[in-house]
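>>> Quick one: sequence plus predicted model below, questions after.
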Amino acid sequence: MNEKEEEFVARKFHEHYSSNFVNEPSFVERREFGFGIFGKKISERHFAFKTLQDFNNFLRNEVPFYASCSPAHYEFPEAQPMQAKHFLGADLLWEFDADDFKTPCAEKHTLWKCSKCGLTGTGRQQYCTSCGEKTAIDEWVCPECLEAVKKQALELIEWLKNDFGFGEGLSLNFSGSKGFHIHLRSEKIFGIPQAGRVELLNYLTGHELNLELLGFLSGKQKLSGVALQKAKGWQEKIIKRTRQIIESADAFGLHSVTNLREKEAAGLLEQKEKLLQDFEQGRLLDFGKKSREFWKLLLESSAESLKLKIDRQTSIDLVKIVRVPETLHGSTGLLAKTLPLDSLKGFDALKETIVFSRNPVKVFVERTPKFYLGGEWFPEMENQEIELPEFAAVFLLARKSARLV
């Protein structure tokens, strides 16, 4: 983006902030803020504001491309070095990002380019197929990617409520780009030390999960399980997910996740009712020499599918600053929108976070995959001049995928 494009996007951001008041974050006077210029999410930090009005005045006057703040609370948030801030405590924060999910659709809308020979292609090609030079990867998201992220965000919310009783103080916002942030702002967790935060994260992500310690397959001879009636936490989750797999699987599906041949799986499924009844009562059906390996692979598959793909660094780094909810994302022009927890399932992030108009803007597009934005699909484009709705033009300009005509 040259000066003309940067000025255009900044003007659009200024118009938005001039007519919209950002009511985030809570306890604004105790948080450290950081801001970014185009192409750099954090170029300056150690800012502080006494009121939300002061923060909004800054957004309108300075028009940063990125606005971030700390989950941590400080007595002197603007002080330097970090020790001088006098740490008071911190919210809990979890981040999900589509880049971590490696969904099949990403192969279609991830672009690569070789900086040496100029060859281009789609997919996560790390090295040029012609000259072997390392490629530049350009990642995009689509509704399918974000559905996978939403599913895990919903599961996390249920885990926090059911396993820990963390209902009060939970809030959720779109990141403005590729995922979601879930915040827990409550005095109950304010003083949890970093070690406790790591322990909580390890539980949620199933880090170093051990089936035997959970009571599965612990005996050398007898195939042991855990009765659903007595199961808690991960035990209950694994049992319920395994039951779902058995109930819905056909012979090929069971063969694909275990050591059984398709014919053997078909024979086992003829005993499905007994298999499930015994399993829920804590007995693992013994059907011969393949039994132990079968249950081990099936239970491991269940556990793996339950592990939450949470960004570890964001969750445990007490000094990291993250996107302020309800601000604009400098790489997309989309709003980091806050939404009620119960509305996440039906939330269309790439439509409901549009803040700019449909007025036509003429741009020269360098290269894009087919992409979805504002409730419509835009075709694949390369080296062409086109008139786009303002929201799509800002999106491409912010991504450095286009320039103004």
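Yep, it's here.

>>> from here on, contacts and neighbour counts on C-alpha atoms
OK.

>>> roughly how far apart are L306 and E236?
11 Å (Cα to Cα, to the nearest Å).

>>> should've said F27
From F27 over to E236 (counting by Cα to Cα), the distance is 38 Å.

>>> Comparing those two, which residue is more hemmed in?
Taking neighbours as other Cα atoms under 10 Å, F27 and E236 compare with E236 leading, 17 against 11.

>>> so how far is N173 from the residue lying closest to the more buried one once chain neighbours are set aside?
Leaving aside its chain neighbours, E236 sits nearest to L228 (6.3 Å; criterion: Cα to Cα, 6 or more residues apart in numbering). Between L228 and N173 the computed distance is 35 Å (Cα to Cα).

>>> between these two, which one's more packed in?
N173 (24 against 17).

>>> Is that one located within a strand, as I assumed?
Yes. Under DSSP: H, G, I helix; E, B strand; the rest coil, N173 sits within a strand.

>>> That one and S343 touch, don't they?
No. Counting by Cα atoms under 8 Å, N173 does not reach S343; the two are 11.1 Å apart.

>>> Alpha carbons of the worst-scoring helix or strand of the chain on mean pLDDT, as CSV, please.
Lowest on mean pLDDT, DSSP states H and E among the helices and strands of the chain sits helix 312-316, with a mean of 90. Extracted C-alpha coordinates of helix 312-316, given in CSV (Å, rounded to 0.1, in the frame of the first residue of the first chain):
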residue,chain,number,x,y,z
ARG,A,312,-1.2,-21.0,24.1
GLN,A,313,0.8,-17.8,24.1
THR,A,314,-2.2,-15.5,24.3
SER,A,315,-3.7,-17.6,27.2
ILE,A,316,-0.6,-17.6,29.5
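
>>> That helix: what's the following helix or strand?
Later in the chain than helix 312-316, the nearest helix or strand by DSSP states H and E is strand 322-323.

>>> what's next to stretch 262-279, contact-wise?
225-227, 243, 246-247, 250-252, 254-255, 284-285 (Cα atoms under 8 Å, 6 or more residues apart in numbering).

>>> let me redo that: stretch 295-302
In contact with stretch 295-302 (Cα under 8 Å, 6+ apart) are residues L211, L217, I238, R241, T242, I245, V257, T258, N259, L284.

>>> Centre of the chain to that stretch, how far?
For stretch 295-302, the distance from its own C-alpha centre to the chain's C-alpha centre is 26 Å (Cα atoms, centre = their mean, to the nearest Å).

>>> Report the buried residues of it.
W295, K296, L298, L299, E300, S301, S302 (16 or more other Cα atoms under 10 Å).

>>> mean confidence score for that stretch?
For stretch 295-302, mean pLDDT rounds to 95.

>>> the domain parsing of this structure - what is it?
3-97+166-200+311-355, 106-138, 228-306, 356-405 (automatic domain parsing).

>>> and the gap between A227 and L306?
19 Å.

>>> Restrict stretch 80-92 to CA atoms and write it as CSV.
Output in CSV follows, covering the C-alpha atoms of stretch 80-92 (Å, rounded to 0.1, in the frame of the first residue of the first chain):
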residue,chain,number,x,y,z
GLN,A,80,8.2,1.5,32.0
PRO,A,81,9.7,-1.0,32.4
MET,A,82,7.0,-3.6,33.0
GLN,A,83,7.9,-4.1,36.7
ALA,A,84,7.1,-0.4,37.3
LYS,A,85,3.5,-0.9,36.3
HIS,A,86,2.7,-2.7,39.5
PHE,A,87,0.7,-5.8,38.4
LEU,A,88,-2.6,-6.1,40.1
GLY,A,89,-4.1,-9.2,38.4
ALA,A,90,-5.4,-10.2,35.0
ASP,A,91,-8.5,-11.4,33.1
LEU,A,92,-8.4,-14.8,31.5
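
>>> what does that stretch contact?
So stretch 80-92 is contacted by 46, 71-79, 183-186, 189-192, 197, 315, 318 (Cα under 8 Å, 6+ apart).

>>> What about these, which are in helices?
R197, S315 (DSSP state H).

>>> buried subset of the contacts of stretch 80-92?
46, 71-74, 76-79, 183-186, 189-190, 197, 315, 318.

>>> Would you map the strands across the stretch 301-405 of the chain?
For the stretch 301-405 of the chain, the strands defined by DSSP state E, counting those that start in this stretch occupy 322-323, 338-339, 360-368, 371-373, 376-378, 381-389, 402-404.

>>> Compare those strands and report which one is nearest to Q126.
With respect to Q126, and counting by Cα to Cα, the nearest of the strands of the stretch 301-405 of the chain is strand 360-368 at 18.4 Å.

>>> Strand partners (parallel or antiparallel) of the closest one?
strand 381-389 (antiparallel), strand 402-404 (antiparallel) (DSSP bridges).

>>> got a markdown table for those strands, with distance to Q53, mean pLDDT and mean neighbour count too?
A markdown table is the format used below for the strands paired with strand 360-368 (distance: least, Cα to Cα, whole Å; pLDDT from 0 to 100; neighbours: other Cα atoms under 10 Å):
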| stretch | distance to Q53 | mean pLDDT | mean neighbour count |
| --- | --- | --- | --- |
| strand 381-389 | 32 | 97 | 14 |
| strand 402-404 | 34 | 96 | 21 |
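
>>> Dump those strands to JSON lines, plus distance to L59.
Below are the strands paired with strand 360-368 laid out as JSON lines (distance: least, Cα to Cα, whole Å):
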{"stretch": "strand 381-389", "distance to L59": "25"}
{"stretch": "strand 402-404", "distance to L59": "24"}
